[in-house]
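J.: Here is the input, now give the coordinates:
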Amino acid sequence: MTANEIRDSFKQFFESKGHTIVPSAPMVVKDDPTLMFTNAGMNQWKDIILGTRNPEPRRRADSQKCLRVSGKHNDLEEVGHDTYHHTMFEMLGNWSFGDYFKEEAIAWAWEYLVDVLKLNPADLYVTVFEGSKEDGLDRDDEAASYWAKIVPADHIINGNKHDNFWEMGDTGPCGPCSEIHLDSRSAEEKAKVPGRELVNKDDPQVIEIWNLVFMQFNRKADGSLEKLSMNVIDTGMGFERLVRSIQGKTSNYDTDIFQPIIHEIERLSGMKYGKKEDTDIAMRVIADHLRAVSFSIADGQLPGNAKAGYVIRRILRRAVRYAYTFLNQKEAFIYKLIPILVAEMGPSYPELPAQQQLISHVMKEEEDAFLRTLDKGISLLNGDMDELRAHDETVLDGRQAFRLFDTYGFPLDLTQLILRENGYTVDEKQFDEEMQKQKARARNAAVVENSDWVELREGEQQFVGYDYTEYECHILRYRKVTQKKNTYYELVLDNTPFYGEMGGQVGDRGVIVSENETVEIIDTKRENNQSIHIVKALPKDPEADFMACVDTDLRDACAANHTATHLLDYALKQVLGDHVEQKGSFVSPNTLRFDFSHFQKVTAEELRQVERMVNDLIRQDIARDEHRHMPIDEARQMGAIALFGEKYGDKVRVVRFGPSCELCGGIHAQSTGRIGFFKIVSESSVAAGIRRVEAKTGKQFEELFYTMEDMLNHIRDMFNNAKDLRGVLEKYVNEHETMKKQIEGFRAQTTERIKERLIERAQVINGIHVVKSVLPLDPATAKDLVFKVRQNFPEMLVCVLGTVHEGKPMLNVMLSEDLVKEYNLNAGQLVREAAKLIQGGGGGQPHFASAGGKDPDGLSTAVDKVVELALK
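T.: Next up, the predicted model:
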């Protein structure tokens, strides 16, 4: 069976057992503050498990895209070095929400593996939870009894809490689990050591392929357990491991999931897989990381410098580094593999072919940027090795290696490789200490302590914010949250008009008012499909009757900006073409930011066309046409635009303003006229193939207009209220350019005269021409001057120029090539040593270097010091 056939067989099997087959959720998580990426099949069902969303249909199955690279599931550094770890992987899963439980889950898992896939029962071992005294839990005898009906007793193994008690996190739903392990070893190996002795012992050929989780409990903040309101089945089977087993391979990378990619890497690199370990590891790393980065970009997450974007950048850079180091790829390489990935996985995941051009552009730009960084890092490392050589040392300071890593993204293993090739090593202990310090700082900054929810009333939250800005309500539950020594409280209301931050739109602010007090809502977040209201202090009487009141001025400004993004999206498509797709947005009362796919700068003329189109729609004052709970197929037939990387349910909300029609859950203006006016204030590049527009509407544009008007009046006053202000300015600029060229000519003449005087005063010491002086020159002139002196003395030259400009001293050192090559002199080393005398530092190339400082009084001494060191 091929990988695609195996995936289809899983879905068909569980469909025959009454399961609804659902599409994979995006791999990038956008509206859950606790997750950056989907790292397990159950993530998209979290709100159902927590009881905040309708569980129907109660039986579901899918193949879910997952990514594990950080936090609890930190597998990144393992990837490529073994045969079964991955960053991006597929998780086959089936779920039951308050329907069937352990007996059916166990029976169907066995039926699928043995009867459908024809795995040998003798090669399968199962684990059951052995119990935990700490939690007061007995052995999972119920699961064991069901396994005993189909599995020999010696194939049922007790597992500890670490392996056989699944938990969502430090708090939340949890429960015992049963793992199914497959022994893929040869008959000879099985005869020597029974498979049961290798279960959960990290043997690469005795691996877990399926985990059946029986969620029964909720872990509270104090560590205690309470029963869940409904039992949940959550199973997860690693697709790549399963395919490996079915296809009789000993490595996931030998299956038809990865082999087409590896063959393409071989073709492009000219190297063969299976010949050399370093090369094999590099090819596995690249094949894996290609998938992770491509799917992330397709789901809307671009590489960046923070949070999820940084994770994707880190994965891609790891792949580039392996291609650079072990496959000798000094130019962008990985983006060339995208066509083969799309050919193999595109039929199952249509977002890949749909976003292929964007993925390719972004990946190539990222590769090019990191390759430039590698070159810079190598240059800096060469300078460090020069220092080691000058001081007769062989061990690079670990703190310096960490600076290369932290500032320039230069990895430790590449630093070690280059040092080793030149006879040096690095102090790994110091490097590790710096790394631990950084991680500790990050942990401390990110630590959030949540208390347990205090339940005041039973019930589920109803959102009424589409229709009301004020509504009677009660507090269902609250909890205390501490972060960075700041304490606040989160409230869940039974009825709320407050919109929780989601889809790029900030959350509402306002108050809740009781008979005796007013409590400010400083923000509203979205978590597990409900609005979480943030307050600095709890109401004195949390069980009182309240009136929830949204700040309508802020809401209206935010709604106007959100509606403007819909009109902008429509106008961009009309002006630039249908290839334009939204790639992100942020709207607040003061901000409108919109990212979209387009492969070149938008011209000023095109931006003006877009503005005119949007403002025309605003002047038409088109009323909002809204359709709630519409079947998604019906919405698509209406022409509603859906975004790649967004998760939609079976029922959706459609928002239409004339020709603009989109799937959207956000807050919008009642009509386009409420926007007032629309003006683009900037257009820029976010990444390859992604442009960003920022704009102002309504009152924000009014303030911008007044600022521009005041500036224009001020400029007019500067030129005596000239009628032809543009003509006056052009004349002024032209005169300025003329004078600038004249000044540059005078400066060149002055530099030439100074050069002649320096040459006249040059000394010859031990056969070396020594030119030195201290002059009041700007840095650019000083640098030009030492290069001119070198033209006169191409051999045996030491030129040292000290300058003072705006009170700041500077040293410039120039050496002739023969002194560098034959006498091993190094201008960078000379200037670093002499710069100490002006309380500064610097560096540069072996033939030219410069340094700045703070103490001009030491400049003459510093100049003499360079000459002394050079002639030593």
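J.: Please count neighbours and contacts with C-alpha atoms only from this point.
T.: Will do.
J.: Sketch out the helices for the stretch 701-850 of the chain, chain order is fine.
T.: 725-760, 779-792, 817-823, 827-835 (DSSP state H, counting those that start in this stretch).
J.: any idea of the angle the second one forms with helix 725-760?
T.: In this structure, helix 779-792 runs at an angle of 40 degrees to helix 725-760, with axes from the mean of the first three to the mean of the last three CA atoms, to 10 degrees as the basis.
J.: Where does the residue nearest to Leu119 when sequence neighbours are not counted sit: helix, strand or coil?
T.: Counting by CA to CA, 6 or more residues apart in numbering, Leu113 is the residue found nearest to Leu119 once chain neighbours are left out, at 5.8 Å. Assigned by DSSP: H, G, I helix; E, B strand; the rest coil, the conformation of Leu113 is helix.
J.: Pull the number of nearby residues for Leu113.
T.: 19 (other CA atoms under 10 Å).
J.: Kindly report the same for Pro856.
T.: Neighbours around Pro856, by other CA under 10 Å: 20.
J.: where's it relative to Lys808, distance?
T.: 7 Å (CA to CA, to the nearest Å).
J.: okay, the helices of the stretch 701-850 of the chain, which one's buried deepest?
T.: Looking across the helices of the stretch 701-850 of the chain with neighbours counted as mean count of other CA atoms under 10 Å, the highest average goes to helix 827-835: a mean of 24.
J.: For that one, the averaged confidence score.
T.: Helix 827-835 comes out with an average pLDDT of 92.
J.: packing partners for that helix?
T.: Applying 3 or more CA pairs under 8 Å, 6 or more residues apart in numbering; DSSP states H and E, we find helix 827-835 packed against strand 808-815, strand 841-844, strand 848-852, helix 859-871.
J.: The same query, at a cut-off of 10 Å, please.
T.: With contacts taken as 3 or more CA pairs under 10 Å, 6 or more residues apart in numbering; DSSP states H and E, helix 827-835 sits against helix 356-390, strand 797-805, strand 808-815, strand 841-844, strand 848-852, helix 859-871.
J.: so what strands line up beside the helix or strand of the chain with the lowest mean pLDDT?
T.: The weakest-scoring helix or strand in the chain, judged by mean pLDDT, DSSP states H and E, is strand 448-450 (a mean of 78). Sheet pairing for strand 448-450, assigned by DSSP bridges, gives strand 475-483 (antiparallel).
J.: residues of the partner strand that come out buried?
T.: 475-481 (16 or more other CA atoms under 10 Å).
J.: With only the CA atoms kept, save that strand in CSV.
T.: Provided in CSV are the C-alpha atoms of strand 475-483 (Å, rounded to 0.1, in the frame of the first residue of the first chain):
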residue,chain,number,x,y,z
ILE,A,475,-20.3,35.8,36.3
LEU,A,476,-20.2,32.1,35.6
ARG,A,477,-16.6,31.6,36.9
TYR,A,478,-13.4,33.5,37.5
ARG,A,479,-9.7,32.7,38.1
LYS,A,480,-6.6,34.6,39.3
VAL,A,481,-3.7,34.9,36.9
THR,A,482,-0.2,36.0,37.8
GLN,A,483,2.4,37.0,35.1
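J.: Just list whatever residues bridge to Ala687.
T.: Ile690.
J.: wouldn't it be in contact with Val362 here?
T.: Yes. Using CA atoms under 10 Å, Ala687 makes contact with Val362 at a distance of 6.3 Å.
J.: hey, what's in contact with both of those two?
T.: 302-303 (CA atoms under 10 Å, 6 or more residues apart in numbering).
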